[in-house]
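K.L.:
Okay, predicted coordinates and the sequence, questions at the end:
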Amino acid sequence: MCLGTEVIIGIATGLMSAVQSIAGYQAQSQAASASERAYQEQRNLNQEAANRAYQQTQLKMKGEMEKASQQAEQGLVRRLQAQGTTLSAGRSGQSIGGLLADAERVEGKDLGALGMNLAYAQQDYFFGMENIYTQQKTANISAASRRVAAPSAGGLVLGLAGSALSGVQAGLALKAPPGKIGTSTQNLQQYAPLTP
């Protein structure tokens, strides 16, 4: 059994198209895998950067708290020294009570200022932590938007079906149309040479 030229060309066209569909699917699969690896690596880098920023922010807050603690301790020492100086001066009467209360008032004022500074530092800490979280989330969204989607098996099946269809169409396009051979005189006159 001998296959016609149009059938061979149709099969060859369909096979070439099928090979292209399979190669395209494989290339898309590899690109999607590479993209996913890059995405996961970027997420890891974003997490590491966020962790470093969290640690720095926490260290800054710890430093502020230690500073406030030292300043409060120094204020206590100043108050006790002022009260000790007042008591050792040998004064008596109601003025001593005022001098002792004055030292406590100064310490209280200093502690109030320390408390306000610590509250501002704490507010800055929370804003910093929120900002780090937002930056990490934005970086992850940006990385996700660059991911390449994996091709679907259904797309490959449709591509192969399209390849088969293109092969059939190529073969049919090369097939000669059926001829009309009639015996009527009208048909014969149509092909008869013209006479002068």
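P.N.:
On my side now, so go ahead.
K.L.:
Skip the chain neighbours and tell me the closest residue to residue 166.
P.N.:
residue 17 (5.1 Å; CB to CB, 6 or more residues apart in numbering). Every residue, glycine included, has its C-beta placed from N, CA and C.
K.L.:
what's around that neighbour, how many residues?
P.N.:
19 (other CB atoms under 10 Å).
K.L.:
likewise the one 4 residues further on?
P.N.:
Residues lying near residue 21 (other CB under 10 Å) number 19.
K.L.:
these two touch, right, it and residue 159?
P.N.:
Yes. In this structure, residue 21 is within contact of residue 159 by CB atoms under 8 Å, at 3.4 Å.
K.L.:
what's the overlap in contacts for the two?
P.N.:
Among the neighbours of residue 21, none is also in contact with residue 159 (CB atoms under 8 Å, 6 or more residues apart in numbering).
K.L.:
Please enumerate the helices of the chain.
P.N.:
Residue ranges of the helices in the chain, as given by DSSP state H, are 5-88, 94-145, 153-174, 185-191.
K.L.:
what separates the longest one from the chain centre, distance-wise?
P.N.:
Right, the one you point to is helix 5-88. Centroid separation for helix 5-88 versus its chain: 10 Å, with CA atoms, centre = their mean, to the nearest Å.
K.L.:
And for the third one?
P.N.:
The gap between where helix 153-174 is centred and where its chain is centred comes out at 38 Å by CA atoms, centre = their mean.
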